[in-house]
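Novice: next input, structure requested:
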Amino acid sequence: MKNAIVTGASGFIGSAVCRELLNNHISVIAIVRDRTSMAQVENKNLVIVEAEMCEYLSLSDKLPENIDVFYHFAWDGAYGTILGEYEKQIENIQYTCDALKLAHKIRCKKFIMAGTINELELFQFHKANVNIPRKACIYGIAKLACDFMGKTLAADWGIDFNVAIIGSCFGPGDNSKRIHNTIILNLLCGKSPVLIKGDTIHDWIYIDDVARMFLALGKRSVNMKSYYLGHRSLRRLDEIVRDVRDELNPDVELKFGEIQSSFNIDYSLVDLEAVYQDTGCIAESDFKHSIRLTANWLLEKAQRDEREQ
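Specialist: Predicted coordinates:
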């Protein structure tokens, strides 16, 4: 792989993938809404293109042809209440199909779309007699629609296509209030986080590992195959959170099961070994060190935010 296009290049995962590609001497065309969002990424092999997602189809004359890989990360509403806003999530389906059509028009060789473990949650409802998904499942439904539509269109257009189903990714640069940041911030403040049942299976995967896996898939992947980006073995949530607590604030008491949740991921639906078998890449970041780096970043961010108020 010599070059790549990255949409959503200023986001949490997109920016990490950009850095990984550039660090491996791969030329990157970053498609973002605002070029100033890429100010911290300076590299002679980086070209920035400004465009809204609704403008993707107008970019074919502005981009070079025969790019090796088109990475699609751009997505409006990947966390928070917007997960359940069907209007916004339907727009994301349209823009993902537009991005794939753009890749086809400029003769890209491969298209890799960022999926989500929330897609796996939906299968528990498919054959259920009583089907009551949480509202946030609308996000996962939109991602799953892009998965199936993307494979269908890519097969028709003759472009290689992969979906990368990302585990529960954490690390510096994540501005969300997802479970990792909430638990870490609570522990840093000496508070006991409100938790679901401890026997729930989770997979906290560090952002650097995710970025390396995306690079590996860009170089070597099986056409039309979906890949799980995470660890090859999984752990219970109570094991994970105790490791986080012991690293950051061992005195905080942990109480699991204080809140009820229907959120359930059937990891048997993905092949935990696929990335390793096809690319040789594995998650190798030290977990506790990664937690410490994330906690330090969150503290620095909180201090910056306080100064700006």
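Novice: quick one, helices of the stretch 1-150 of the chain?
Specialist: 12-23, 86-105, 118-121, 123-126, 137-157 (DSSP state H, counting those that start in this stretch).
Novice: point me to the helix or strand that includes Ile165.
Specialist: strand 160-166 (DSSP states H and E).
Novice: that strand vs helix 12-23, what angle?
Specialist: 120 degrees (axes from the mean of the first three to the mean of the last three C-alpha atoms, to 10 degrees).
Novice: so which bits of strand 160-166 are buried?
Specialist: Using 16 or more other C-beta atoms under 10 Å as the test for burial, strand 160-166 gives Asp160, Phe161, Asn162, Val163, Ala164, Ile165, Ile166. Glycine gets a C-beta too; all of them are placed from N, C-alpha and C.
Novice: okay, strands next: where are they in the stretch 151-300 of the chain?
Specialist: 160-166, 168-170, 201-202, 204-206, 226-229, 235-236 (DSSP state E, counting those that start in this stretch).
Novice: which parts of the fourth one are buried?
Specialist: Buried positions in strand 204-206, judged by neighbour count with 16+ other C-beta under 10 Å: Trp204, Ile205, Tyr206.
Novice: if we can go back for a sec, could I get the strands of the stretch 151-300 of the chain in CSV, plus columns for distance to Val6 and mean pLDDT?
Specialist: Below are the strands of the stretch 151-300 of the chain laid out as CSV (distance: least, C-beta to C-beta, whole Å; pLDDT from 0 to 100):
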stretch, distance to Val6, mean pLDDT
strand 160-166, 13, 98
strand 168-170, 16, 97
strand 201-202, 28, 92
strand 204-206, 19, 98
strand 226-229, 16, 98
strand 235-236, 31, 96
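Novice: redo the ones you listed as a markdown table? Include distance to Leu254.
Specialist: Listed next are those as a markdown table, based on distance: least, C-beta to C-beta, whole Å:
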| stretch | distance to Leu254 |
| --- | --- |
| strand 160-166 | 26 |
| strand 168-170 | 18 |
| strand 201-202 | 14 |
| strand 204-206 | 15 |
| strand 226-229 | 27 |
| strand 235-236 | 12 |
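Novice: for these, which one sits closest to Ala216?
Specialist: strand 226-229 (9.4 Å; C-beta to C-beta).
Novice: hey, where'd the helices end up in the stretch 201-309 of the chain?
Specialist: Going by DSSP H, counting those that start in this stretch, the stretch 201-309 of the chain shows helices at 207-219, 237-248, 274-279, 287-308.
Novice: pick the most buried one from the ones you listed.
Specialist: helix 207-219 (a mean of 23; mean count of other C-beta atoms under 10 Å).
Novice: for that one, packing partners?
Specialist: Judged by 3 or more C-beta pairs under 8 Å, 6 or more residues apart in numbering; DSSP states H and E, the packing partners of helix 207-219 are helix 12-23, strand 69-72, strand 110-116, strand 160-166, strand 168-170, strand 226-229, helix 274-279.
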